[in-house]
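J.: could you work out the structure for the sequence below:
(6 chains)
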There are 6 protein chains.
Amino acid sequence: MTLSARNRLSGTVESLEIGENTAEVQVELRDGETVTAVITANSAERLDLSEGDSVDAIVKATDVMVDA
Amino acid sequence: MTLSARNRLSGTVESLEIGENTAEVQVELRDGETVTAVITANSAERLDLSEGDSVDAIVKATDVMVDA
Amino acid sequence: MTLSARNRLSGTVESLEIGENTAEVQVELRDGETVTAVITANSAERLDLSEGDSVDAIVKATDVMVDA
Amino acid sequence: MTLSARNRLSGTVESLEIGENTAEVQVELRDGETVTAVITANSAERLDLSEGDSVDAIVKATDVMVDA
Amino acid sequence: MTLSARNRLSGTVESLEIGENTAEVQVELRDGETVTAVITANSAERLDLSEGDSVDAIVKATDVMVDA
Amino acid sequence: MTLSARNRLSGTVESLEIGENTAEVQVELRDGETVTAVITANSAERLDLSEGDSVDAIVKATDVMVDA
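T.: Predicted coordinates:
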């Protein structure tokens, strides 16, 4: 299936901190840049995430701001 | 000033389409990967964006999803 | 792959209005209830949506509000 | 009053987990499908939510993605 | 009913621009400060908005960023 | 630099609660009205926020709903 969210950045789970409510996932992109995702702790467990996993960081185009 | 939104990806405006209500901004990151932002047409004019401009694509960590 | 966004509601494209910038997609759920998605016109074309298609309406848990 | 957010799905609080910062609310819709909302713990207390309450799950159309 | 979204700022519709897809609503708050909302054109019609109307601008706490 | 997010409301940190995952920041605007921001605990530490600080509360126009 194809998702309407436009941005799909491939990378690897560099670090993963699962707290009581939320989980902070650092995704290292191919060029070494890091994108941080904060998802619910339940979702982190449901996805069975571990450091080193290949993942995509997904962002809707309308959630991207521009600073110029 | 420092913004609470966590992700700041530096790049260049690769393409810019300003429509009646919204503007679609393709930001090329350093490694050639492209991030798409859809902002309001007013904001695109207020930022006086042009192709080739250096910009940052900014995303809140809670707006980043993970696909694993 | 599994997406961190928690809510995945299966349904059918009941109606589709593609405007200059955005597209309005009415998704009829199994019980007849309708969910409206507004995505970018580009995404509607990229997904090659048509009325009658089976689709999932996806919503992050943090984007759901409660009115009580 | 009428809210600009387009989607209003009626249901019942099936389960409620209030953590330190956030609260996870499972709303069972009429057809048995469940929608998960993650709101702040403060909001859950302010709304005085309990299991069995009739509530509406509210989502802006621009926060609904389509997977096709 | 009470909505989980935390911020409810009362004001008056100072200006209203309804485009093909979206509508831009300038809400003047009590102290003269202005908040801009961009909602879908359909929602603006459904709310039957006009300049001078008393309205509330509503924002989820998780959608507010801090610049310090 | 100028950010595409349209709403920038100046104020002062009235209260700050940093929890395990998230931080709740009450920003008092000039007219005494209060806006609540919920950001990640990491961001609150990164911004080195304290009560009494001058800050701006920033909201994208597309994240503002209207209740009429």
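J.: and stretch A:4-16 with chain E, contact?
T.: No: for stretch A:4-16 and chain E, the contact criterion (CB under 8 Å from any CB of the partner chain) is not met; the two come no nearer than 15.3 Å. C-betas here are computed from N, CA, C, even on glycine.
J.: tell me the secondary structure for A:Thr62?
T.: With DSSP: H, G, I helix; E, B strand; the rest coil as the basis, A:Thr62 sits in helix.
J.: list the contacts for it?
T.: Applying CB atoms under 8 Å, 6 or more residues apart in numbering or on different chains to A:Thr62 gives the contacts B:38, C:40, D:62, F:62.
J.: now for those: which two are most distant?
T.: Pairwise distances across those (CB to CB) peak at 12.0 Å, for the pair C:Thr40 and F:Thr62.
J.: which residue, other than its chain neighbours, is closest to the closest residue to chain B within chain A?
T.: Going by CB to the nearest CB, chain B is nearest to A:Asp31 of chain A, at 3.1 Å. Spatial nearest neighbour of A:Asp31, excluding adjacent residues (CB to CB, 6 or more residues apart in numbering or on different chains): B:Asp31 at 3.1 Å.
J.: and the one you found, how far from chain C?
T.: 22 Å (CB to the nearest CB, to the nearest Å).
J.: next one: A:Glu33
T.: Distance from A:Glu33 to chain C, by CB to the nearest CB: 20 Å.
J.: isn't that residue up against B:Asp31?
T.: Yes: if you go by CB atoms under 8 Å, A:Glu33 and B:Asp31 touch, sitting 7.4 Å apart.
J.: which one of those two is surrounded by more residues?
T.: Taking A:Glu33 and B:Asp31 together and counting by other CB atoms under 10 Å in any protein chain shown, A:Glu33 has the greater number of neighbours (19 against 11).
J.: what's opposite the closest residue to the more buried one other than its chain neighbours in the beta bridge?
T.: With CB to CB, 6+ apart as the criterion, A:Glu33 has its nearest non-adjacent residue at 6.4 Å, and that residue is B:Leu9. Beta-bridge pairing of B:Leu9 under DSSP bridges involves B:Ala57.
J.: partner strands of the host helix or strand of A:Ala23, with direction?
T.: Per DSSP states H and E, A:Ala23 falls inside strand A:22-29. Paired strands of strand A:22-29, with direction, are strand A:7-18 (antiparallel), strand A:34-40 (antiparallel) (DSSP bridges).
J.: helix, strand or coil for the residue nearest to A:Asp31?
T.: coil.
J.: sorry, back to before: what is the nearest of the contacts of A:Thr62 to chain A?
T.: Nearest to chain A among the contacts of A:Thr62: B:Val38, at 4.1 Å, using CB to the nearest CB.
J.: surely the closest one touches A:Val64?
T.: Yes: using CB under 8 Å, B:Val38 is in contact with A:Val64, at 7.4 Å.
J.: and the residue of chain A found nearest chain E, what are its bridge partners?
T.: Going by CB to the nearest CB, chain E is nearest to A:Met65 of chain A, at 9.0 Å. Applying DSSP bridges to A:Met65 gives these bridge partners: B:Ile58.
J.: now do the contacts for the closest residue in space to A:Met1 that isn't next to it in sequence.
T.: Leaving out its chain neighbours, the residue that sits closest to A:Met1 by CB to CB, 6+ apart is D:Asp67, at 4.7 Å. Contacts here follow CB under 8 Å, 6+ apart; on that basis D:Asp67 touches A:1-4, C:8, C:55-56, C:58.
J.: and if we set it to 10 Å?
T.: D:Asp67 makes contacts with A:1-5, C:3, C:5, C:8, C:10, C:47, C:55-58, as judged by CB atoms under 10 Å, 6 or more residues apart in numbering or on different chains.
J.: what's the farthest-apart pair in the residues you listed?
T.: Longest span within those, CB to CB: A:Ala5 and C:Ser10, 17.8 Å.
J.: and those two? which has more neighbours close in?
T.: A:Ala5 (24 against 13).
J.: what about A:Glu51, neighbour count?
T.: Per other CB under 10 Å, the neighbour tally for A:Glu51 reads 11.
J.: hang on, it packs against A:Ala44?
T.: No: using CB atoms under 10 Å, A:Glu51 is not in contact with A:Ala44, being 11.9 Å away.
J.: anything in contact with each of A:Glu33 and B:Asp31?
T.: B:Gly11.
J.: how many other residues sit next to A:Thr2?
T.: The number of residues near A:Thr2, taken as other CB under 10 Å, comes to 13.
J.: shouldn't it be in contact with C:Asp48?
T.: Yes: counting by CB under 10 Å, A:Thr2 touches C:Asp48, with 8.5 Å between them.
J.: what do those two both touch?
T.: Shared contacts of A:Thr2 and C:Asp48, defined by CB under 10 Å, 6+ apart, comprise D:Ala68.
J.: dump the residue contacts of the closest residue to A:Leu29 other than its chain neighbours.
T.: Nearest non-adjacent residue to A:Leu29, counting by CB to CB, 6+ apart: A:Gly11, 4.4 Å away. A:Gly11 makes contact with A:26-35, A:53-57, B:33, B:66 under the criterion CB under 10 Å, 6+ apart.
J.: among those, name the buried ones.
T.: Among these, those classed as buried by 16 or more other CB atoms under 10 Å in any protein chain shown are A:26-27, A:29, A:33, A:35, A:53, A:55-57, B:33, B:66.
J.: ok, which pair from the residues you listed is furthest apart?
T.: A:Asp53 and B:Glu33, at 19.2 Å, using CB to CB across the buried ones among the contacts of A:Gly11.
J.: still on that earlier bit, compare B:Val38 and A:Val64 (neighbour count), which wins?
T.: Under the neighbour definition other CB under 10 Å, B:Val38 and A:Val64 were set side by side, and B:Val38 has more, 28 against 24.
J.: neighbours of the nearest residue to the more buried one once chain neighbours are set aside, how many?
T.: Distances taken as CB to CB, 6+ apart place A:Ala61 nearest to B:Val38, at 4.1 Å, with adjacent residues excluded. A:Ala61: 22 surrounding residues under other CB under 10 Å.
J.: all good on my end, thank you.
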